[in-house]
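> 3D model of this:
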Amino acid sequence: MAEARPSEFELIKRYFAPLASDPGSVGLTDDAAVITPRDGHDLVLTKDVLAADIHFFANDAPEAIAAKALRVNLSDLAAKGATPRGYLLGLALPSNWTADWLERFCNALAADQTAYDIKLLGGDTIRSGNGLQVSITAIGELPTGRTVRRSGAKAGDVVFVSGTIGDAAAGLKARLDSGFAAKHNLTAEHEAYILDRYLLPRPRTRLASALQTRASASMDVSDGLLSDCGHMARASNMDFTLELDRIPLSPALLQLKSACQQEYIQCINGGDDYEILATVPADHAEEFLDSASSLNCPVTRIGCVASGSGDVHLNNHGDPVAMSPDDGFRHF
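Predicted coordinates for the structure are as follows:
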């Protein structure tokens, strides 16, 4: 027999109060949290809303849903050069939620709070009329005036990206099509890897300090590498030239590229990578590479910035490629 569901206030006391150890949250016993930035520091705030069957599958494990909801926000903080400080959680639960599901969800949040040194500050829990929705507002901190915007790219900068690209989009394809891996000769290890990359983002929080000191512009890759390059190019009013042959790929994506160029290109701009896209002045590029390596967060040069009006140009082994950066993920 399923455990009886707690009332609203018992729910807060049992599941969420243990996550709120920051003094500013006062144990979730008040209507609002109060936090004060350290002297000489700014607060950076970001919010992502995740909805069932849009950003995750409704039958995904609660642990994976919790981790993804928090981590996509941590990725945004990292891209600004900020260190996580705390977060607010909005949870709209469907009518069939259970105490066991919520306990597993909160246990996963607790694990990530430890892993990423962040604490719950407050939030709200309501009944949803249209499936599970999770909204997180994350708060980070960094020295005053050091926020790295997407609009700071300058002519002569080098374009870098962290990690590997396209894995999460390939994982979504594999999730939607059980024959995807076999069709493209992906091994069982390849399939497991891309499925995991889709389910569990890996925010590059370690890279924040290097971005803060070296990068001229930065953002995380959520809509697709080419699309997000377009966002950054337009915000900076600069032209970007990307070299497709330099984009870092996992063994799984290398195999997909070999098997089907069209599927590979779709994955490159498919989104959900949560890697860091950054521009760095050329005279700091080597230092940035070294810093990223020392932080165990490798980055790869994939292009350059030139004066222009916000366009993205694509080359492959030096030859121009006709492809629209606007083919990435869009909600509307």
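
> count of neighbours near residue 18?
Neighbour count of residue 18, defined by other C-beta atoms under 10 Å: 15. C-betas here are computed from N, CA, C, even on glycine.

> and the residue nearest to it when sequence neighbours are not counted, what helix or strand is that in?
Closest residue to residue 18 apart from its sequence neighbours, by C-beta to C-beta, 6 or more residues apart in numbering: residue 110 at 7.3 Å. Assigned by DSSP states H and E, residue 110 belongs to helix 99-116.

> mind listing what's buried in whatever helix or strand comes next after that helix?
Using DSSP H and E, the helix or strand that directly follows helix 99-116 along the chain is strand 119-127. When burial is assessed from 16 or more other C-beta atoms under 10 Å, strand 119-127 yields the following buried residues: 119-123, 125.

> if we can go back for a sec, for the helix holding residue 110, report the contacting residues that lie outside it.
With contact meaning C-beta atoms under 8 Å, 6 or more residues apart in numbering, helix 99-116 is reached by 2-6, 11, 15-16, 18-19, 61-67, 70-71, 74, 84, 89, 93, 118-120, 203, 205.

> what about 7 Å?
For helix 99-116, the surrounding residues in contact (C-beta atoms under 7 Å, 6 or more residues apart in numbering) are 3, 5-6, 15-16, 19, 62-63, 65-67, 70-71, 74, 84, 119, 205.

> Stretch 49-58 now?
So stretch 49-58 is contacted by 65, 68-69, 131-135 (C-beta under 7 Å, 6+ apart).

> if we can go back for a sec, which of the contacts of helix 99-116 are buried?
Buried among those (16+ other C-beta under 10 Å): 15-16, 19, 62-63, 65-67, 70-71, 74, 84, 119, 205.

> Tell me which of the residues you listed fall in helices.
Counted as lying in helices by DSSP state H, out of the buried ones among the contacts of helix 99-116, are 62-63, 65-67, 70-71, 74.

> Which one of these is nearest to residue 258?
Using C-beta to C-beta, residue 71 comes nearest to residue 258 of these, at 30.2 Å.

> these two touch, right, that closest one and residue 201?
Yes. With contact defined as C-beta atoms under 7 Å, residue 71 reaches residue 201; the gap is 4.5 Å.

> Now do the shared contacts for those two.
The contact lists of residue 71 and residue 201 share residue 274, where a contact means C-beta under 7 Å, 6+ apart.

> before we move on, back to that, flag whichever of the buried ones among the contacts of helix 99-116 scores worst on pLDDT.
Among these, residue 15 carries the lowest pLDDT, at 74.

> For it, list the residues it contacts.
102-103, 106.

> switch to 8 Å and redo it
6, 102-103, 106.

> picking up where we left off before, any chance of the buried residues of strand 119-127 in a markdown table, plus distance to residue 229?
Listed next are these as a markdown table, based on distance: C-beta to C-beta, whole Å:
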| residue | distance to residue 229 |
| --- | --- |
| 119 | 34 |
| 120 | 34 |
| 121 | 34 |
| 122 | 36 |
| 123 | 34 |
| 125 | 38 |
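
> what's downstream of the lowest-mean-pLDDT helix or strand in the chain, the next helix or strand?
Least confident helix or strand of the chain, by mean pLDDT, DSSP states H and E, is helix 8-11 with a mean of 75. Going down the chain from helix 8-11, the next helix or strand is strand 41-51, by DSSP H and E.

> Keeping just the C-alphas, turn that next one into PDB.
Coordinates of the C-alpha atoms in strand 41-51 are reproduced here as PDB (Å, rounded to 0.1, in the frame of the first residue of the first chain):
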ATOM      1  CA  HIS A  41      30.500  40.800  -4.900                       C
ATOM      2  CA  ASP A  42      27.400  40.800  -7.200                       C
ATOM      3  CA  LEU A  43      24.600  38.300  -7.200                       C
ATOM      4  CA  VAL A  44      23.800  36.500 -10.500                       C
ATOM      5  CA  LEU A  45      20.300  35.100 -10.900                       C
ATOM      6  CA  THR A  46      19.000  32.700 -13.500                       C
ATOM      7  CA  LYS A  47      15.800  30.700 -14.000                       C
ATOM      8  CA  ASP A  48      14.800  27.600 -16.000                       C
ATOM      9  CA  VAL A  49      11.300  26.000 -16.100                       C
ATOM     10  CA  LEU A  50      11.200  22.300 -17.100                       C
ATOM     11  CA  ALA A  51       7.900  20.600 -18.100                       C
END
